[in-house]
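# sequence and predicted structure below; questions after.
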Amino acid sequence: MNLPVLPLLCLILLVALLARACRARREEWLPIVDGKGRTIGKATRRRCHGGSRLLHPVVHLHVTGPSGEIYLQKRGKNKALLPGKWDTAVGGHVSAGESIEEALKRESLEELGITRLTARFLGSYLWENARERELVFTFLCTGRDEIRVNTSEIEEARYWTRDSIEAPGNATLFTPNFLHEYASFLR
């Protein structure tokens, strides 16, 4: 039995469109913001990180110990950017429709298992590289419950003394974002 070509092509097109719609629903959507953090649109994470340089917000949380040491996480080897580098204790994207505070609490729970968090806003800054532009909202943890590292998210985590962070030759161990925040907010 010979099927007419036009209905067959229409069926193939319909299946392709449905598959594309399913992929789009599964994608992570990020808000696009202006320089002051006001939402002006949204785009997929893939588009934001694919060289479009659309400005999108992220949160960073710094955790300090009683003697002033700084808790850092080692980025997994599977990360596209800066694998194996030491970074802020918590960091992640704000999802479309989510507030900065909601994202901070979600990321703290996902990465360090923190369920009760109190944090103080330190400031925000624009971070750019060849692939993306981020508006980074930086916080200092002022109260929390126990840390329970999520090993599927983080390769390793530990406290660092300020002397070990500032030791000659150690700068290559850290992400440029962390070094910027250390110099701007934590020193």
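Looks like it came in fine. Please read all numbers here as calculations on a predicted model, not as lab measurements. Numbering: from 1, shown residues only.

# the spatially most central residue of the chain and residue 39, how far apart?
Centrality entry for the chain: nearest residue to the mean C-alpha point is residue 92, 2.2 Å, by CA atoms, centre = their mean. Distance, residue 92 to residue 39, using CB to CB, to the nearest Å: 17 Å. For every residue, glycine as well, the C-beta is placed using N, CA and C.

# quick one on the thing from earlier: wait, the residue nearest to the centre of the chain sits on residue 102?
No. Using CB atoms under 8 Å as the test, residue 92 is too far from residue 102 to be in contact (11.4 Å).

# show me the helices in this protein, by range?
5-26, 45-47, 100-112, 162-166, 176-181 (DSSP state H).

# buried stuff in stretch 133-144?
133, 134, 135, 136, 137, 138, 139, 140, 141, 144 (16 or more other CB atoms under 10 Å).

# same thing with stretch 72-89?
Quick answer for stretch 72-89 (16+ other CB under 10 Å): 72, 73, 74, 75, 85, 86, 87, 88, 89.

# any idea which of those residues is the one closest to residue 185?
residue 88 (10.4 Å; CB to CB).

# distance check, residue 87 against residue 183.
Taking CB to CB, one finds residue 87 at 15 Å from residue 183.

# that older thread, any shared contact partners between residue 92 and residue 102?
Overlap of the contact sets of residue 92 and residue 102 (by CB atoms under 8 Å, 6 or more residues apart in numbering) is empty.
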